[in-house]
Each structure stands twice: as C-alpha cells, then as structure tokens.
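Student: Need coordinates for the following:
(2 chains)
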Number of protein chains: 2
Amino acid sequence: MNRFMKIAYDEAVDAMLNNEGGPFGAVIVKDGKVISKAHNSVLLSKDPTAHAEINAIRAASEVLGTFELDGCTLYTSCKPCPMCLGAIFWARISTVYYGADEEDAARGGFDDKRFYEMLKGKNIDVKLIELDAKQNAKLFDIWLEKDDKKMY
Amino acid sequence: MNRFMKIAYDEAVDAMLNNEGGPFGAVIVKDGKVISKAHNSVLLSKDPTAHAEINAIRAASEVLGTFELDGCTLYTSCKPCPMCLGAIFWARISTVYYGADEEDAARGGFDDKRFYEMLKGKNIDVKLIELDAKQNAKLFDIWLEKDDKKMY
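Tutor: Coordinates of the predicted model:
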C-alpha cells in the first residue's frame, strides 16, 4: 500500500474506532512531506461539513498560512464527494489519489453516489429558488468597484 | 427585498467592507427564525472552504447541536457553488433561495461556473487517480461489521 495512502487508511480506521465519524481519512502532502492528516468527524463535531478532505484542507491551510494549496497532493481513502471535490477545486490542489469509490461508500450506507447524480441534475431533491436576483447581482458591481479587493 | 435575503445581502456587504472575503452572505432560517448568518471569510481565515453557506451551516449545526438541518431554509446572496451545494445536500437542507447566479459570480472573477462545468466532467483539471482501491474498500466492511455504528 502506498505510504501516504496508508496514513489516510489509518485515519479512517481511527474515525471509526473513536466513533468520531464514518470510515474516511485523508492526507495532504507537499514536496514529499505530510502537511496535514485528518479523518471524518461529522459525529463528534456535529458538523455536516467535517469530512476527512475538508478537515485536511482546513488544517493544511492553517499550517501553510494560505488558502491556496497549489503544489499539494491529496490522498483520500475514498473518492471525494461533490462537496469535497468542490473544496479541492477551490484549494487549487492539482492531484488527488483516492482509494475506494462512491459505489463502496453506497454499500456502507453513505449518500455520495446519490449526491453525484443530483449534481448532474438527476432527481435533485433540494428546491433551488431564485429570489431578489437583480439586487444581489449588484454585489458584484460593488466588488468590482472596490479598489483594495484581493482576488482569489 | 425579502427580509431574510436582505440579511444575507448585508452579510455579503460586510464581508467586502471588512476585507474578510468575497461578496457572499448566507442565512439559515427555521420556523421563521434566523438560526445563523454568515459571510465569506476565505481571506480572513485563509481557509478555502470558508464560503458563506459553509460558515452558516457550521454555525447552525453548532446552535442546533446536530449535523442534520432538515426543516431549515437557506437564503444565500449567490447561487451555491458545487462545494456549498454538496454541503447543503449533506446537511439535509430542503429549500435554498439564491440571489445572484454563477454568471454574476464569473463577472466578479469567481470560478463557480468553471467548477460547475468541471463537476459535469468538462475540462476537469484536477487529476483524480485510483490507488489501493481494494484495501480501502475493506474499510466499509469494517464499518458494516461495527455493532455500535451510527448511520448518518
């Protein structure tokens, strides 16, 4: 087993044994060094966003002091769900190694597969309703006119 | 303007004025009461996941003491990016009112639109590589055999 993936795997086992969350672990590596490692802690923290990848990204950002993790590689015990894949995009992580996939997660009772299908527009069960669109679009005019804005 | 959307709008303005993040705000409402309100704080926290919706979901989970926000409605000044939409799925929020959309965000220099296209499999620029799949799939066997697991 790849040595970084083994760390992610062990994190996933820890999450289960300690009843902190589901069997998911992740590691972020830069220049061959582990920057952060984390596991799912949804149950412990009562935070639905506390997936292994999100926790690892947040920890790596704190360690490196930046929201841009370009040049970092993420190893995760299971293929990132749409939320985590979105976080990976925003963090500018360029390479992700994943172990199990959404079919395995579905077997374990997790909804990753269903959420992937929802994002593709299939059977979406969240009502997404536009409201006050024009007023809110103006926020970007204010943003664009802001002289000291920092783009990210 | 809807009164809850106005709170989200004001949060977005605050994010800009205080240089905490981009022009994005969100509010979570249950039974007509505001449970949490938040704005983007990516710049302040140096956390790429600190979008308005994620911050609002995390705060609401803390207030309500649960990772399940069913029965809650989210108002957001801009259509949720794929990461935030994933978080909304996991939090079991059933209704989302959004103001501006990904075209407006693109005008402001934000990548939401590109990330939506990447999630649809178009021009994905993150390398997703399978590794040690079989070993990691076993994590779900351990999970399923765990007597005291809590499904979520």
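
Student: who does the helix or strand where A:Val34 lies touch, helix- and strand-wise?
Tutor: Using DSSP states H and E, A:Val34 maps to strand A:33-39. In terms of contacts (3 or more Cβ pairs under 8 Å, 6 or more residues apart in numbering or on different chains; DSSP states H and E), strand A:33-39 is packed against helix A:3-17, strand A:25-30, helix A:52-64. Every residue, glycine included, has its C-beta placed from N, CA and C.

Student: Averaged pLDDT, the second one. What do you get?
Tutor: Averaging pLDDT along strand A:25-30 yields 98.

Student: Would you give the sheet partners of it, along with the direction of each?
Tutor: Strand A:25-30 has its sheet partners listed here by DSSP bridges as strand A:33-39 (antiparallel), strand A:72-78 (antiparallel).

Student: any residues touching it, and which ones?
Tutor: A:4-5, A:7-15, A:34-40, A:52-53, A:55-57, A:59-60, A:64, A:69, A:71-77, A:93 (Cβ atoms under 8 Å, 6 or more residues apart in numbering or on different chains).

Student: So how do I select the buried members of those in PyMOL?
Tutor: Listed next is the PyMOL selection for buried residues among the contacts of strand A:25-30, using 16 or more other Cβ atoms under 10 Å in any protein chain shown:
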select buried, chain A and resi 4+5+7+8+9+11+12+13+14+15+35+36+37+38+39+40+52+53+55+56+57+59+60+64+69+72+73+74+75+76+77+93
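
Student: Counting by contacts, list what the lowest-mean-pLDDT helix or strand in chain A packs against.
Tutor: Ranked by mean pLDDT, DSSP states H and E, the weakest helix or strand in chain A is helix A:112-119, scoring a mean of 83. Using 3+ Cβ pairs under 8 Å, 6+ apart, the elements in contact with helix A:112-119 are helix A:82-91, helix A:102-107, helix B:82-91.

Student: out of the ones you listed, nearest to A:Asn123?
Tutor: Taking Cβ to Cβ, helix B:82-91 is the member of the helices and strands packed on helix A:112-119 nearest to A:Asn123, at 11.8 Å.

Student: Next secondary structure after that closest one?
Tutor: strand B:95-100.

Student: pLDDT at A:Gly65, what is it?
Tutor: For A:Gly65, the predicted pLDDT is 97.

Student: What is the burial count for it?
Tutor: By the criterion of other Cβ atoms under 10 Å in any protein chain shown, A:Gly65 has 7 neighbours.

Student: One more: A:Asp31?
Tutor: 8.

Student: list the contacts for the nearest residue to it once chain neighbours are set aside?
Tutor: Once flanking residues are discounted, A:Asp31 sits nearest to A:Gly71: 7.6 Å by Cβ to Cβ, 6 or more residues apart in numbering or on different chains. A:Gly71 sits next to A:Lys30, A:Asp31, A:Ser94 when contact means Cβ under 8 Å, 6+ apart.

Student: Closest to chain B out of those residues?
Tutor: Closest to chain B out of these is A:Ser94 (6.4 Å), distances taken as Cβ to the nearest Cβ.

Student: residues touching that closest one, list them.
Tutor: For A:Ser94, counting by Cβ under 8 Å, 6+ apart, the contacting residues are A:Asp70, A:Gly71, A:Cys72, A:Thr73, B:Asp125, B:Val126, B:Lys127.

Student: Please read off the pLDDT at it from the model.
Tutor: 90.

Student: how far away is it from A:Pro48?
Tutor: For A:Ser94, the distance to A:Pro48 (Cβ to Cβ, to the nearest Å) stands at 27 Å.

Student: Surely A:Ala60 and A:Cys72 touch.
Tutor: Yes - applying Cβ atoms under 8 Å, one finds A:Ala60 in contact with A:Cys72, separated by 6.5 Å.

Student: shared neighbours, those two?
Tutor: With Cβ under 8 Å, 6+ apart, A:Ala60 and A:Cys72 have common neighbours A:Ile28, A:Ile35, A:Ala91.

Student: got a list of what the residue lying closest to A:Met1 once chain neighbours are set aside touches?
Tutor: Using Cβ to Cβ, 6+ apart and skipping residues adjacent in sequence, the residue nearest A:Met1 is B:Asp132, 5.0 Å away. Each residue near B:Asp132 by Cβ under 8 Å, 6+ apart is listed here: A:Met1, A:Asn2, A:Met5, A:Tyr9, A:Gly99.

Student: returning to what we had before: out of the contacts of A:Ser94, which comes closest to B:Asn136?
Tutor: A:Thr73 (16.5 Å).

Student: Excluding chain neighbours, what is closest to A:Leu144?
Tutor: B:Gly108 (6.3 Å).
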